[in-house]
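> here is my input; please provide its structure:
(chains A, B and C)
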Amino acid sequence: MLIPSEFFARPPEEVAVDLLGALVVTTIEGEETGGRIVEVEAYRGSDDPGSHAATRGITKRNATMYGPPGTAYVYFTYGNHHMLNFVCEPDGVAGAVLVRALEPTVGIDTMARRRTGRSVRELCNGPGKLTAALGIDLADNGSRLGEGRISVHYGERPPSDTIVTSGRIGLSAGHDLGLRWFLSDSDFVSRGRIGPVRHSGGRTTKGDPREAR
DNA sequence: GCGCCGATTGGCT
DNA sequence: GCCAATCGGCGCC
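Numbers count the residues shown, from 1 in each chain, chains lettered A, B, ... in the order given. Coordinates of the predicted model:
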């Protein structure tokens, strides 16, 4: 069942947690690919130093983040990689959830062709990898989910005791905020270095996500 | 398995 | 010009 745009009209940290277990699917040139969300990060507006919407206000690059909820915000970085976000908050308010990793479930053969030489585990275990596997690029920026090439569907809700949180990855600012969530029992989360990991129950471990199992 | 480093483009100052 | 919400290859343990 397609997730409606109202689902996204909330603060990104709420949407992020609720997206764990959901299914992202693309249909590109007749080929369907996708997977189950196992890792996400939340990005807020001007109060978030790690966000594209921090301090600068609306620019050509981040304008999509201020648009209506349920829209894809796709941008290009490091000269190579596309990042997939879902716009949150009501129209006019900046906010988004970055999809960082998927467990491949749909069109694995197609995704393996797009990412030659990679094991299934490595097809979508990072934000730049999953966009390559799913064929997402700047053409998807600003498209409404379910109306363009990308759709997001409800999935089985993961048990709350498998959901853990940590700081965000790869930022020069705002990494101290606990705005990353992932499934501790998944083999498909990204391999980024991270700070302390916190269980829903409040226990703290360090280092690799797997230590939080 | 881990850590370092270069690649490569668009957007912003 | 500078830098980035990253990745993959290589060297070394």
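> please count neighbours and contacts with C-alpha atoms only from this point.
Will do.
> got the residues of chain A near DNA strand C?
Residues of chain A found near DNA strand C (CA under 7 Å from any atom of the strand) are A:43, A:50-53, A:77-81, A:83, A:85, A:96-98, A:115, A:125-130, A:169-172, A:190, A:192.
> which residues of chain A lie near DNA strand B?
A:56, A:59-62, A:76-80.
> show the buried residues in those residues.
Among these, those classed as buried by 16 or more other CA atoms under 10 Å are residue A:62.
> tabulate the residues of chain A next to DNA strand B (JSON lines), appending pLDDT and secondary structure.
Formatted as JSON lines, these follow (pLDDT from 0 to 100; DSSP: H, G, I helix; E, B strand; the rest coil):
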{"residue": "A:56", "pLDDT": "71", "secondary structure": "coil"}
{"residue": "A:59", "pLDDT": "92", "secondary structure": "coil"}
{"residue": "A:60", "pLDDT": "91", "secondary structure": "coil"}
{"residue": "A:61", "pLDDT": "92", "secondary structure": "coil"}
{"residue": "A:62", "pLDDT": "95", "secondary structure": "coil"}
{"residue": "A:76", "pLDDT": "96", "secondary structure": "strand"}
{"residue": "A:77", "pLDDT": "95", "secondary structure": "strand"}
{"residue": "A:78", "pLDDT": "94", "secondary structure": "coil"}
{"residue": "A:79", "pLDDT": "93", "secondary structure": "coil"}
{"residue": "A:80", "pLDDT": "91", "secondary structure": "coil"}
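> what sits against residue A:121?
Residue A:121 makes contact with A:103-104, A:187-188, according to CA atoms under 8 Å, 6 or more residues apart in numbering.
> look at the closest residue to residue A:167 other than its chain neighbours and say how many residues are nearby.
In space, and not counting its chain neighbours, residue A:167 is closest to residue A:178: 4.5 Å by CA to CA, 6 or more residues apart in numbering. Neighbourhood size, residue A:178 [other CA atoms under 10 Å]: 18.
> quick one: the helices in chain A?
With DSSP state H as the criterion, chain A has helices at A:12-19, A:108-114, A:127-134.
> redo the ones you listed as TSV? Include mean pLDDT and distance to residue A:29.
Converted to TSV, the helices of chain A look like this (pLDDT from 0 to 100; distance: least, CA to CA, whole Å):
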stretch	mean pLDDT	distance to residue A:29
helix A:12-19	97	26
helix A:108-114	96	11
helix A:127-134	97	11
